[in-house]
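Fold the following.
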Amino acid sequence: MQKRLRQVNTPMKTNQARKITATTVCSVLYTGIGTAALAGFLFSPSMLSVILFSAVIMTAFALVAARNPLAAGLTWLVLSPVLYPFARYPQSGTVLTFDRVYLGALALTVLLTRRAGRPSAPGVRSFVTAVTGFAAAFLCRALSTHPSSLGALQTFIDAILLPCIAFAVCRRTADSPGRLRAWAAGLMVCGTSVAVLGITEHLFGYELATLSGGAVRTDTEVGGLVRVSGPYAAPEVYALTLALTLAATLFWWMSAGPDGSRRRGFAALTGPLLAAVQITGMALSLFRVAWACALLVLFLGLGLRAGKRLRLAAVAVAVALGALILFVPLQDNDLFRARMADTDNVAGRFATYQVGLEIWRSAPVTGVGINQFVEAQKRVDPKVVWGVRSVQSPHSSFVGTLAEQGVIGFAALLTVCGHGTRMLRRLGRAAREDATRQVLHAAVIAGAVSYLAFSVELTMLPLGPSNAVLAVVLALAASAVETAQRRPAREKAAAAAPERALARIAEPVA
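Residues are numbered from 1 along each chain as shown. Below is the predicted model:
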């Protein structure tokens, strides 16, 4: 009897010993490190303790977010514009921001939830390869920029790395029409928050630019009026972000539901109402390119459909009439008239482009370094066009890239643009038989053209928040192309299933 009891108890002891696994050890160590980091953060706050505590929080959040990456990504998209000016440490000389910590955690989530052997469409794969090459070239030039390599590295993180993470998260999770609309709804809420902050800044006279690491900008051409920038450091980011979210809002509003039905009642009014709020915010930015992009997004987002040229012409007429109706009474507005009649900044841009070419000639292969345009401009004679001197800014993402990164970075940027165009063409071919993809195709083209228009006359590439929003918009296109490619394969497999079943039934008979 005692021998039997020993035999029964022996496996129990073995099982109890096996409970101490590597996961248990890692959990205990992680808990200890987290407790130490929290204690250091509370009782002796320093840069090291804050970074360590943030790393612990990032890891913990990544483990939680791995269970639902879609909800985690949408949470970042909705909260980012609201917390952008406030969630940063230290407030001056920022090292940790909400986007850096949150998107860093989402990067770990993508690695934890990586799917092996996931198919990728050729157009999407080439675009991702081009972006990777451009990011690598940007990083190498940032690390080799002297004497301010740290500032260049921060620009790389905010303007290139974080948008790439946002692209990866959205591309991974927007794998169905319903999830495409969910991400579009997140962009709609994001744009509405940005617009509301800009409108209230204009009405009540407060500003958030200094909290976001920028400075209040006044427009000397219109009597020293303060430019609204919403939650961001620069008005350009504010205006471009609204152009991109406006395109996503039109997609959410015009796309059909899961059952193919259109939205009705209050849901049908939500899209136009929030689009009107975002257009109002764009109007208050005082950028003429923003005004033009608002009309362009409405024209393309509402009118561009495969094989429907009459619809495109009708929407063009409607948008033109609407613009004319607004233009006539605005002629009596001093602010509007001053902005439309200002040609000095156009001449100043042409003069600055000549300066950019002179700077590029001084270092044609690798450029003068990230964020070094203004410093290099001091060594070049100023240019004058139509009596207007050049200004201290590239005033173009392409001119800035050519001067700061040389032929290598400029060629990599053009490669990204080329493969992005190729991906949108594949989306257009996939959209011919799907109404949701047709609306998405129009919205993504509207957003991409708006970003291109801003980038031609403003330096948008080094500015992170608008790049992150663009990355989400392009990720929706990439995911739609990939799901369109997988759909025929699933249909083919479903059609072949009965034949395989009959073959299995016939095998015993044979």
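
Flag the shaky bits of this protein, pLDDT-wise.
1-51, 53-54, 93, 114-119, 220-223, 256-267, 486-510 (pLDDT under 70).

can you give me the strands in it?
Assigned by DSSP state E, the chain shows strands spanning 88-89, 96-97, 218-219, 225-226, 384-385, 388-389.

contact partners of the first one?
The set of residues external to strand 88-89 that reach it, using C-beta atoms under 8 Å, 6 or more residues apart in numbering, is 50, 94-98, 213. From N, CA and C alone the C-beta is placed, and that goes for glycine too.

sorry, back to before: from the strands of the chain, which stretch is densest packed?
strand 96-97 (a mean of 20; mean count of other C-beta atoms under 10 Å).

helices and strands around that one, which ones?
helix 47-65, strand 88-89 (3 or more C-beta pairs under 8 Å, 6 or more residues apart in numbering; DSSP states H and E).

go with 7 Å
For strand 96-97, the elements it packs on are strand 88-89, judged by 3 or more C-beta pairs under 7 Å, 6 or more residues apart in numbering; DSSP states H and E.

Tell me the strands beside the strand it packs on, with direction?
Strand 88-89 pairs in its sheet with strand 96-97 (antiparallel), by DSSP bridges.

just the helices in the stretch 201-350 of the chain please.
Counting by DSSP state H, counting those that start in this stretch, the stretch 201-350 of the chain has helices at residues 235-254, 266-284, 288-303, 309-330, 334-341, 344-362.

So what's the gap between the fourth one and the chain middle?
Its chain's average C-alpha position is 29 Å from that of helix 309-330, according to C-alpha atoms, centre = their mean, to the nearest Å.

One more: the last one?
The chain centre lies 28 Å from the centre of helix 344-362; the measure is C-alpha atoms, centre = their mean.

can you check the second one too?
Taking C-alpha atoms, centre = their mean, one finds helix 266-284 lying 20 Å from the centre of the chain it belongs to.

Which strands and helices lie in contact with that helix?
Packing partners of helix 266-284 (3+ C-beta pairs under 7 Å, 6+ apart): helix 177-204, helix 235-254, helix 288-303.

Can you tell me which of those is most buried?
helix 235-254 (a mean of 29).

Reformat the helices of the stretch 201-350 of the chain as JSON lines; add distance to Arg217.
Shown next, in JSON lines, are those (distance: least, C-beta to C-beta, whole Å):
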{"stretch": "helix 235-254", "distance to Arg217": "6"}
{"stretch": "helix 266-284", "distance to Arg217": "13"}
{"stretch": "helix 288-303", "distance to Arg217": "14"}
{"stretch": "helix 309-330", "distance to Arg217": "23"}
{"stretch": "helix 334-341", "distance to Arg217": "15"}
{"stretch": "helix 344-362", "distance to Arg217": "13"}
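
mind checking the end-to-end distance for stretch 428-441?
6 Å (C-alpha to C-alpha, to the nearest Å).

Format the strands of the chain as a markdown table; extra columns: distance to Ala442.
Shown next, in a markdown table, are the strands of the chain (distance: least, C-beta to C-beta, whole Å):
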| stretch | distance to Ala442 |
| --- | --- |
| strand 88-89 | 36 |
| strand 96-97 | 33 |
| strand 218-219 | 33 |
| strand 225-226 | 35 |
| strand 384-385 | 37 |
| strand 388-389 | 38 |
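
now for those, which one comes closest to Val169?
strand 96-97 (17.2 Å; C-beta to C-beta).

Any idea how far that closest one is from the middle of the chain?
18 Å.

Same check on stretch 304-311?
Using C-alpha atoms, centre = their mean, the offset of stretch 304-311 from its chain centre is 28 Å.

Quick one: end-to-end distance for that stretch.
8 Å.

List of residues touching that stretch?
303, 312, 428, 431-432, 438, 442, 445 (C-beta atoms under 7 Å, 6 or more residues apart in numbering).

Next, format the residues you listed as TSV and append distance to Gly224.
Shown next, in TSV, are the contacts of stretch 304-311 (distance: C-beta to C-beta, whole Å):
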residue	distance to Gly224
Gly303	39
Leu312	42
Gly428	46
Ala431	48
Arg432	52
Gln438	46
Ala442	40
Ile445	38
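
Go through these and name the one nearest Lys383.
Ile445 (34.9 Å).

Distance-wise, check that closest one relative to Leu242.
17 Å (C-beta to C-beta, to the nearest Å).

what about Lys383, how many neighbours?
If you count neighbours by other C-beta atoms under 10 Å, Lys383 ends up with 18.

ugh, wrong one, Arg422
16.

Let me see the contact set for the residue nearest to it when sequence neighbours are not counted.
Nearest residue to Arg422, sequence neighbours excluded (C-beta to C-beta, 6 or more residues apart in numbering): Gly123, at 5.2 Å. Neighbour list for Gly123: 422-423, 426, 481 [criterion: C-beta under 7 Å, 6+ apart].
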